[in-house]
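Colleague: take a look and give me a structure for this.
(2 chains)
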Number of protein chains: 2
Amino acid sequence: MTEATYDLDQTHDPELRSWVEAANDKNGDFPIQNLPVAVFRRAGSDEQFRAGIAIGDSLIDLSASCLSPHLNEPGLAAINLVSSSSLNEFMAAGRRAQRALRRNLSRILQHDFPQRKRVAGALIGLREVEFKMPARIGDFSDFYCSIHHATNVGKLFRPENPILPNYRWLPVGYQGRTSSILLSEQPVVRPRGQILTPGSADPIYSDCRRLDYEAELGVFVGAGNTLGTPIPIDRVEDHLFGVCLLNDWSARDIQSWEYQPLGPFLAKSFATSISPWVVSFDALDPYRRPHRRPDGDPASLPHLTSSNDATRGAIDIKVSIHLLSAAMRARGLPPARLSLSNYADAYWTIAQVVAHQTSNGCNLQPGDLLGTGTISGPAPESRGCLLELSEGGSSPVSLPSGETRIFLEDGDTVIMSAWCEAEGRGRIGFGECRTTVSKAV
Amino acid sequence: MTEATYDLDQTHDPELRSWVEAANDKNGDFPIQNLPVAVFRRAGSDEQFRAGIAIGDSLIDLSASCLSPHLNEPGLAAINLVSSSSLNEFMAAGRRAQRALRRNLSRILQHDFPQRKRVAGALIGLREVEFKMPARIGDFSDFYCSIHHATNVGKLFRPENPILPNYRWLPVGYQGRTSSILLSEQPVVRPRGQILTPGSADPIYSDCRRLDYEAELGVFVGAGNTLGTPIPIDRVEDHLFGVCLLNDWSARDIQSWEYQPLGPFLAKSFATSISPWVVSFDALDPYRRPHRRPDGDPASLPHLTSSNDATRGAIDIKVSIHLLSAAMRARGLPPARLSLSNYADAYWTIAQVVAHQTSNGCNLQPGDLLGTGTISGPAPESRGCLLELSEGGSSPVSLPSGETRIFLEDGDTVIMSAWCEAEGRGRIGFGECRTTVSKAV
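Modeller: From the prediction side, this is the model:
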């Protein structure tokens, strides 16, 4: 069921080209080395949703009958699992099934594949489709992996003591809400809630006045573990399916009033947005980086220490946030970048997060979602939320329209994107997670 | 879809008797006025799980074909929804469907029902069945409704300031884990986790040494609400399905190390136990009590204030915890009562909890589960967890075997039960939630 090696194989060859011409664009998100999966149908149709694999400006419809004659046996077995309208069954089958599908599709999509004309009928342009949540998400848990984010936020509350004693020992996390997870393009409604107004000790029930995004990555669980059986850190990635973009919407005024002593709740549960495309760990493997703790920090406990921090350590994933205000849209201005950060700067790796989450015996199930927490880096321009960028609301962010932002306004569109690139390795991308804020009801 | 009145009807008549003789026991849990629902099959069989309604020492198999000729049209429509192996569809149909089924079964089970011999074939003895989780639980959120619990626990951490400023303004809560929700009779495995040992600032990864139960009630959601649309407090109970027992297992040593700043996580996510029987709000209505805040406390905000705190206020539900240690079991001693508390003593009502949870627009879905938080009362013997009973571990609890407990030992069985009783109204009960602690793996 599991495989311990993450060797790069022929699907990672940076020289590979596809007969889908747009996949050979060096700046595109979906070259033949990527092959992320989503659940889709033709936009506006009443077709069944089914799985597709992105390639260039198109996707391969995995339900297309023209594919099967060109798959080997493991590929056929894998594709049979993705025929339903969510990926949970495929996720449950584990990394071996996922890899079989990747290898088959990589072969079929290569520029010199002899029967390319026979499988071209499975291609559908990305502009022609609409997406659905990739999985039935059983549980969503969210973490706090970036020490830069934790420090920036901690300083606002505890200037002398921003990082609490447990931070360097365990990846702090909490359970999130699954019912309100949205897909890219679905609007987020400004929440209402209890907030304190300046100078008053008594709260009012009001529209949120400090609405924020958080730039995160989401990790989908593949094969789960049994209740009572922790996943050893070196086996974690055999249990994971892939990575998507995740925007953890946050109502900062609701949060600061409600969060003690049991943590954030209504400040988060009104919405979380994810991208439709899920990028596999196989696609991410060329972008690994050794993961090192700063000098002087305690060593991680053995169950949170990987035997090989290069092959199972950090992953270089750049995460970008752009904002497009209603005024910018009206004037035809392009979205403005607010931040650019990198998950490789996080204090905790995905492997550590999952080893920790299951270390008490907690069971993960196929389709469960984990969030990394806001991905911020050490530089001011790498702060992954407005709370940090505006230093708690004291330092407004300027937009090209002449507007400023402390927190989000109605009509603002937040556009997340992410990509990996490395010398001699080319680039793969995650698509977008694009959400517009609509006014409170 | 919704009904605003909670008038008692003929199903509540305390004089009603059933032809199922055991249902007429004044001290039993399942008289004809109760009629809770569970999902069951014959123990050890490979039958499909299906819904049953408890009556005395038996249940009515709702899939039995002998029932349908005796149901009216709304009753038939309702029973068709409970034929699947979880109650989610029936829950989604709302309180009207639930009430239709209750009225039909109350009529069929009355002592003078003319065709009682024809429906007796649907009866199965409770000793002959095994249970399954009543619903697919999408989200589980847990609250902190008892100010006595919050005070007792708060005093251990902040002796001068046990209750935080937000406590009297909103029902504090957090999202819990659904994957590890267990049914009564399933053992709970002692978790492992990071804990601090006395005198050390550095944690170790160890078996939990401070394992505790928490006596709570669980509330199942019936008809859900749409994302973005809060449920007004006076309509809350149209959206609820019923109440079960809930034991919120807690690892106190893991919790105290991990919980800042994002709340409890691994201290809870290893297990939560619930009872198989779900008691409807219709069955609970005779046990309503006005809900009053202590003099001097702030009035609740309008969206958390019911227009009628008698009919939609507190519910008198007594909650009892017994412990049976391995030594007591070996000596044939009966379980010893550790506490007896009452949900009517809680600071926050179920209606307030749900109005709060949806006040930011968060959507509840059929089958979602809410926990009340530990139900403690003002008296020492009404403390609903060992952390409170042992005053943080400083005051051991004595057992009839001569043993003492600060926290739970391997082999201990925790037995939760609950019931309602009122002058002239008789008694209804919730069955049991019984869980034995097994040693860490």
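
Colleague: show me which residues of the stretch 51-200 of chain A sit near chain B.
Modeller: A:138-139, A:141, A:144, A:154, A:164-166, A:169-170, A:172-180, A:189, A:191-194 (C-beta under 8 Å from any C-beta of the partner chain). C-beta here means a position set from N, CA and C on the backbone, and glycine is covered the same way.

Colleague: now, the residues you listed that are in helices?
Modeller: Judged by DSSP state H, the subset of those located in helices is residue A:154.

Colleague: in strands only, show me the residues of the stretch 51-200 of chain A next to chain B.
Modeller: If you go by DSSP state E, those have A:141, A:173-176, A:189, A:192-194 in strands.

Colleague: which single residue of chain A ends up nearest chain B?
Modeller: For chain A, the residue closest to chain B is residue A:263, as judged by C-beta to the nearest C-beta, at 2.3 Å.

Colleague: name the nearest residue to that residue, ignoring sequence neighbours.
Modeller: Among residues not flanking residue A:263 along the chain, residue B:263 sits closest, at 2.3 Å (C-beta to C-beta, 6 or more residues apart in numbering or on different chains).

Colleague: redo the ones in strands among the residues of the stretch 51-200 of chain A next to chain B as TSV? Include pLDDT.
Modeller: Compiled in TSV, those are given as follows (pLDDT from 0 to 100):
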residue	pLDDT
A:141	98
A:173	98
A:174	98
A:175	98
A:176	98
A:189	97
A:192	98
A:193	98
A:194	98
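
Colleague: now list the buried members of those residues.
Modeller: Among these, those buried by neighbour count (16 or more other C-beta atoms under 10 Å in any protein chain shown) are A:141, A:173-176, A:189, A:192-194.

Colleague: tell me the pLDDT at residue A:310?
Modeller: In this model, residue A:310 is scored at 71, pLDDT.

Colleague: contact partners for it?
Modeller: A:288-290 (C-beta atoms under 8 Å, 6 or more residues apart in numbering or on different chains).

Colleague: now it: how far from residue B:349?
Modeller: From residue A:310 across to residue B:349, the span is 55 Å (C-beta to C-beta, to the nearest Å).

Colleague: now residue A:190
Modeller: Distance, residue A:190 to residue B:349, by C-beta to C-beta: 28 Å.

Colleague: pLDDT weak spots in chain A?
Modeller: Along chain A, segments meeting pLDDT under 70 span A:1-7.

Colleague: give me that answer again for 80
Modeller: Along chain A, segments meeting pLDDT under 80 span A:1-7, A:83-85, A:309-312.

Colleague: how is it divided into domains?
Modeller: Domain segmentation of chain A under automatic domain parsing yields A:10-132, A:140-438.

Colleague: looking at those, which is buried most?
Modeller: Mean neighbour count (mean count of other C-beta atoms under 10 Å in any protein chain shown) peaks for domain A:140-438 among the domains of chain A, with a mean of 21.

Colleague: hmm, back to that, is it true that the residue of chain A closest to chain B touches residue B:261?
Modeller: Yes. At 7.2 Å, residue A:263 counts as touching residue B:261 under the criterion of C-beta atoms under 8 Å.

Colleague: any idea how far the longest helix along chain A is from the chain center?
Modeller: In chain A, with assignment by DSSP H, the single longest helix is helix A:95-109. Taking the mean of its C-alpha atoms, helix A:95-109 sits 22 Å from the chain's own mean (C-alpha atoms, centre = their mean, to the nearest Å).

Colleague: can I get it as PDB, trimmed to CA atoms?
Modeller: The C-alpha trace of helix A:95-109 is given here as PDB (Å, rounded to 0.1, in the frame of the first residue of the first chain):
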ATOM      1  CA  ARG A  95      -0.100   7.100  -3.700                       C
ATOM      2  CA  ARG A  96       0.500   4.000  -5.800                       C
ATOM      3  CA  ALA A  97      -2.800   4.500  -7.700                       C
ATOM      4  CA  GLN A  98      -2.100   8.200  -8.100                       C
ATOM      5  CA  ARG A  99       1.300   7.500  -9.500                       C
ATOM      6  CA  ALA A 100       0.000   4.900 -11.900                       C
ATOM      7  CA  LEU A 101      -2.400   7.500 -13.400                       C
ATOM      8  CA  ARG A 102       0.300  10.100 -13.500                       C
ATOM      9  CA  ARG A 103       2.700   7.800 -15.500                       C
ATOM     10  CA  ASN A 104       0.000   6.800 -17.900                       C
ATOM     11  CA  LEU A 105      -1.100  10.400 -18.600                       C
ATOM     12  CA  SER A 106       2.400  11.600 -18.900                       C
ATOM     13  CA  ARG A 107       3.100   9.100 -21.600                       C
ATOM     14  CA  ILE A 108      -0.200   9.700 -23.500                       C
ATOM     15  CA  LEU A 109       0.400  13.500 -23.500                       C
END
